[in-house]
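Engineer: my questions concern the predicted model and sequence given below.
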Amino acid sequence: MILHLLRHGETEQGGGLRGSLDDALTETGWAQLRSAVRADEHWDALISSPLQRCARFAEELAAARDLPLQFEAGLQELHFGDWEGRSAAQLMETDADDLGRFWADPYAFTPPAGEPLLDFEARILDAVRRLQDSYQGRRLLVVTHGGVMRLLLARARGLPREQLLQVSVTHGQRVHLQFDGLGVREIP
């Protein structure tokens with residue numbers, strides 16, 4: 001199975017830890033996503049996080065290309081708990097030590113009332129296994145979030161867990177991963 005992962009575009013509420021907040025895309029965000037896909041590309045299906053910053057574009061593209069669309073709640077962003085909606089600059093003023101611990105090793109520190117990264121990882125990997133069961137040998141476009149893409153890219157690159165947040169994923173960025181019996185690898 002080949003996954004073409006696409007991170008949602010810029011949102012109306014801007015940067016910061018958006019997590020499970022259901023922000024809409026800005027016009028720039030729509031443009032980022034529309035420019036990330038080419039007319040000559042083909043996928044067997046579209047998969048999307050149900051959050052509107054992913055789902056609205058996936059709906060538009062599925063209709064335009066006459067492709068099946070599946071919403072997968074397991075591919076939602078990490079829930080940041082009390083930090084949701086706050087920027088790193090804001091957190092530096094109130095929670096600098098905890099933010100530092102989170103950035104140093106997000107597996108070892110969970111934001112207050114947030115989702116532990118081990119639970120997030122299990123949720124993402126379960127969703128990918130479900131996709132493998134349903135779409136073996138197929139090409140999928142998956143519209144999702146930065147944290148989901150970082151996690152899967154870190155695994156594909158064999159990075160130690162404390163380097164997860166060193167993986168950079170920008171709005172509208174695409175990456176391609178192949179899943180097979182040997183695991184996951186990044187492909188051009």
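Structural biologist: All right, it came through fine. Residues are numbered from 1 along each chain as shown.

Engineer: wait, a strand at residue 16?
Structural biologist: No - checked against DSSP: H, G, I helix; E, B strand; the rest coil, residue 16 lies outside a strand; its state is coil.

Engineer: for the record, mean pLDDT for the longest helix along the chain?
Structural biologist: Assignment by DSSP state H gives helix 117-135 as the longest helix of the chain. On average, the pLDDT along helix 117-135 is 97.

Engineer: for the helix or strand following that helix, packing partners?
Structural biologist: Remark: after helix 117-135, the chain's next helix or strand is strand 139-144, criterion DSSP states H and E. Contact partners of strand 139-144 among helices and strands, from 3 or more CB pairs under 8 Å, 6 or more residues apart in numbering; DSSP states H and E: strand 2-7, strand 45-48, helix 52-65. Bear in mind the C-beta positions are built from the backbone N, C-alpha and C, glycine included.

Engineer: partner strands of strand 139-144, parallel or antiparallel?
Structural biologist: Sheet neighbours of strand 139-144, with direction, are listed as strand 2-7 (parallel), strand 45-48 (parallel) (DSSP bridges).

Engineer: which one of these lies closest to residue 98?
Structural biologist: strand 2-7 (25.6 Å; CB to CB).

Engineer: ok, back up a step: now the helices and strands packed on strand 139-144 in TSV, with mean pLDDT?
Structural biologist: Formatted as TSV, the helices and strands packed on strand 139-144 follow (pLDDT from 0 to 100):
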stretch	mean pLDDT
strand 2-7	97
strand 45-48	98
helix 52-65	98
